[in-house]
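Q: Sequence first, predicted coordinates after that:
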Amino acid sequence: MSLHDAIEQFLLIAIPALVLILINAFPSQKKN
Amino acid sequence: MYAAHFAAGLAIKGRIPRTPTWALMTAIFLPDFVWIVLAWMGIEPTQPPLGFFDDWSHSLVMVLVWSSLFAGFFWRRGWPVVLALAIAGISHFILDFLIHPAKLALYPHSSVHLGWNLWQFGLTKSWLGANRYWWYEASVLLVLISLYAWVSWKNRLSPNLVAASCILVIGLHLMAVL
């Protein structure tokens, strides 16, 4: 696998993961 | 599998919310991260004529080793977090066991391989332009997302947060058919 392919594979996982991390960084408020 | 791994991570996050999301996402994709590095180094070939080989990253024993090592770094955060991260890593094997380009080895270079030869079956075109693999993963995703929604509701997590996470993961899977 070339470095380009390796970076592409990594980003394919890392980008959605980063968005999920940001979403879950908001306080998970409990319902009243 | 791709989106289903994210869904598995979310289900674990819903059950044990204090597990750091970044750690969970790393644990859930740990075998793939190891595979990317080893494939780049040429240790785990991905293309013919060398074939497809991922024993060092994806075999059962190695997944247990990678997951335990990674989870062990979080021992200060308590056993529930360590356990959540270990399960996250192992869940990667369980989901890949269902369908994978090649059957998964018990340990590197083992003659024992686990799983089914469903890869070629999965590549056959099915409804709405998607192949069987896509529908197969969609059904697994649905189960995991439902589990996430249920445990999050039980743990009284914010519905907005849960909905946003679900939309993202379902969107990822839908994008795969485009």
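A: That came through fine.

Q: what ranges do the helices span in the chain?
A: Unless you meant another one, I'm taking chain A. Assigned by DSSP state H, the helices in chain A fall at A:3-23.

Q: think we crossed wires, I meant chain B
A: Under DSSP H, chain B gives helices at B:3-15, B:21-28, B:30-41, B:55-58, B:60-72, B:79-98, B:119-122, B:132-154, B:159-175.

Q: For residue A:10, which of these is the nearest?
A: helix B:30-41 (5.6 Å; C-beta to C-beta). Yep, even glycine has a C-beta here, placed from its N, CA and C like the rest.

Q: ok and that closest one relative to helix B:3-15, angle-wise?
A: In terms of direction (axes from the mean of the first three to the mean of the last three C-alpha atoms, to 10 degrees), helix B:30-41 departs from helix B:3-15 by 140 degrees.

Q: Now helix B:30-41 - C-alpha only, PDB.
A: Extracted in PDB, the C-alpha atoms of helix B:30-41 (Å, rounded to 0.1, in the frame of the first residue of the first chain):
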ATOM      1  CA  LEU B  30      -7.600  -0.300  16.400                       C
ATOM      2  CA  PRO B  31      -7.200  -3.400  14.100                       C
ATOM      3  CA  ASP B  32      -7.700  -1.200  11.100                       C
ATOM      4  CA  PHE B  33      -5.100   1.300  12.300                       C
ATOM      5  CA  VAL B  34      -2.600  -1.500  12.800                       C
ATOM      6  CA  TRP B  35      -3.500  -2.900   9.400                       C
ATOM      7  CA  ILE B  36      -3.000   0.500   7.700                       C
ATOM      8  CA  VAL B  37       0.500   0.800   9.200                       C
ATOM      9  CA  LEU B  38       1.500  -2.800   8.500                       C
ATOM     10  CA  ALA B  39       0.000  -2.700   4.900                       C
ATOM     11  CA  TRP B  40       2.000   0.500   4.200                       C
ATOM     12  CA  MET B  41       5.200  -1.200   5.500                       C
END
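
Q: now it, how far from the chain's geometric center?
A: Its chain's C-alpha centre and that of helix B:30-41 lie 14 Å apart, by C-alpha atoms, centre = their mean, to the nearest Å.

Q: Which positions in chain A make contact with chain B?
A: A:1-3, A:5-6, A:9-10, A:12-13, A:16-17, A:19-21, A:23-31 (C-beta under 8 Å from any C-beta of the partner chain).

Q: List only those of those flagged as buried.
A: Among the residues of chain A next to chain B, those classed as buried by 16 or more other C-beta atoms under 10 Å in any protein chain shown are A:1, A:6, A:9-10, A:13, A:16-17, A:19-21, A:23-24, A:28.
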